[in-house]
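1. pasting the sequence and the predicted model now:
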Amino acid sequence: MKIIRVSNTTLYLLFILFLCGYIRVGITIFLIVLIHEVGHVLVCLLFGYKIKSVTLYPFGGLTRVEKDINTSPYKELILASAGLFMQIILYVVALSFGYKNSLFYKYNKSIFLFNLLPIIPLDGSVIVYSLLNRFTTFKNSYKVYIVVSIISLVIYIIINYKYSLNNYLIISIFIYKIYEGIKNYKYVYNRFLVERYLKKYHFKYISTREGNLDILKIDTYQYFKNGGKITSEREKLAEMFDKT
C-alpha cells in the first residue's frame with residue numbers, strides 16, 4: 001500500500017509551472033511541503049500512531065493518522081504544530097545562511113502563515129480544535145471548530161477571490177473538507193462515545209456536574225449529579241448502549 005501520495009491538484013500545478021518556466025518555484029514549494037509533513041510523521045512515530053497516508057497538496061500536506069478521537073488535546077496540539085515547527089527550523093537555517101531574500105525563504109514564510117489559517121484541514125484549524133477541547137465539551141468543540149472554519153473560509157474567499165485558478169482549486173478543497181466535517185459529525189460524536197465506553201483512558205481531570213452525555217470532555221472523567229445521586233459516565237454510557 002502506497003502511503004505517500006501527491007494530489008492531482010499538486011501534479012496539475014507542477015505541470016503548469018513547468019510550462020510557464022517556473023519549475024524551480026514548483027520544486028521549492030514541493031520540498032517545503034514535504035519537510036512540513038516530515039514533522040507530522042516524526043511525531044506520529046513518537047506517539048506510536050499508525051500513519052494511513054500522507055497526501056501532498058499545493059498549500060501543504062494532509063497526514064491521515066489512525067488514532068482515537070479521545071486523544072489528549074496536548075498530543076493533538078503537538079502533532080498539529082510539528083509541521084510548523086519544521087518550517088521554523090527552515091526559517092532559522094535560511095536566515096543563518098543569509099537567504100532572507102531567497103525564493104525558498106519567501107515561500108517557506110508564505111506556506112507557514114497559510115497553514116496557520118483556522119480552516120479545515122489546515123494545521124491552524126487543528127490547533128484551534130485542540131485548544132477548544134481543553135476548555136469545553138467535545139460536542140461544543142466540534143461545532144465551534146466547524147463554524148470557525150466556515151467563517152475563516154468566507155473571509156479568505158472575500159480577500160482572495162480575484163486571484164489565480166490555483167487559488168480556486170485550493171478553495172474547492174477547503175469547501176469539500178468542511179462539508180466532510182459537517183457530514184461526519186454524528187459519526188464522529190458516536191465514535192467518541194463508543195471509545196469512552198469500550199476503552200479505559202487515563203484521564204487528567206475529574207468533573208462532577210449536572211447534565212447528560214453531551215457535557216463529556218476529552219481528558220476529563222465525568223460524574224453526573226441528579227438530585228442527591230451521583231452517576232459515573234461509565235454508568236451513563238452503559239445505560240445508553242444497553243438500550244440499543
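-> Yep, it's here.

2. drop to CA atoms for contacts and neighbour counts, all remaining ones
-> Noted.

3. chain center to the helix or strand of the chain with the lowest mean pLDDT: distance?
-> When each helix and strand of the chain is scored by mean pLDDT, DSSP states H and E, helix 8-19 comes last, with a mean of 77. With CA atoms, centre = their mean, to the nearest Å as the basis, helix 8-19 stands 25 Å off its chain's centre.

4. list the buried residues in it.
-> Burial within helix 8-19, assessed by neighbour count using 16 or more other CA atoms under 10 Å, is assigned to 9, 10, 13, 14, 17.

5. as CSV, those residues with distance to residue 186 would be great.
-> Below are those laid out as CSV (distance: CA to CA, whole Å):
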residue, distance to residue 186
9, 30
10, 32
13, 35
14, 38
17, 41
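
6. that older thread, heading C-terminal from the least confident helix or strand of the chain, find the next helix or strand.
-> helix 23-47 (DSSP states H and E).

7. the inter-axis angle of that next one versus helix 8-19?
-> 150 degrees (axes from the mean of the first three to the mean of the last three CA atoms, to 10 degrees).

8. toward the C-terminus, what is the element adjacent to helix 23-47?
-> As assigned by DSSP H and E, the chain's next helix or strand after helix 23-47 is strand 50-57.

9. tell me which strands that next one pairs with, and in which orientation.
-> Here strand 50-57 has these sheet partners by DSSP bridges: strand 4-6 (parallel), strand 60-66 (antiparallel).

10. quick check: buried residues in the one helix or strand residue 114 maps to?
-> Taking DSSP H and E as the criterion, residue 114 maps to helix 103-115. For helix 103-115, the neighbour count (16+ other CA under 10 Å) marks 104, 105, 108, 111, 112, 114, 115 as buried.

11. would you agree the third one is in contact with residue 32?
-> The reference is to residue 108. Yes - look at residue 108 against residue 32 with CA atoms under 8 Å: they come within range, at 6.4 Å.

12. outline the domain layout of the protein.
-> 4-194, 200-243 (automatic domain parsing).

13. what about the last one, distance to the chain center?
-> The chain centroid and the centroid of domain 200-243 are separated by 27 Å under CA atoms, centre = their mean.

14. same question for it, mean pLDDT?
-> In this model, domain 200-243 carries a mean pLDDT of 91.

15. can you tell me which of the domains of the chain is most buried?
-> Each of these was scored by mean neighbour count; the highest is domain 4-194, a mean of 17, by mean count of other CA atoms under 10 Å.

16. how about the buried residues of helix 8-19, which pair is most distant?
-> Distances among those were taken as CA to CA; the most separated pair is 9 and 17, at 12.3 Å.

17. now do the shared contacts for residue 108 and residue 32.
-> Jointly contacting residue 108 and residue 32 under the rule CA atoms under 8 Å, 6 or more residues apart in numbering are residue 87.

18. coming back round to it: who touches the helix holding residue 114?
-> Residues from elsewhere that reach helix 103-115 (CA under 8 Å, 6+ apart): 25, 28-29, 32-33, 59-60, 84, 87, 90-91, 94, 99-100, 122-124.

19. show the average pLDDT along that helix.
-> For helix 103-115, mean pLDDT rounds to 89.

20. how much space between the residue nearest to residue 50 when sequence neighbours are not counted and residue 239?
-> Of all residues beyond its chain neighbours, the one nearest residue 50 is residue 66 (5.2 Å), with distances taken as CA to CA, 6 or more residues apart in numbering. From residue 66 over to residue 239 the distance is 28 Å, taken as CA to CA, to the nearest Å.

21. and for residue 227?
-> Residue 227 is 18 Å from residue 239, by CA to CA.
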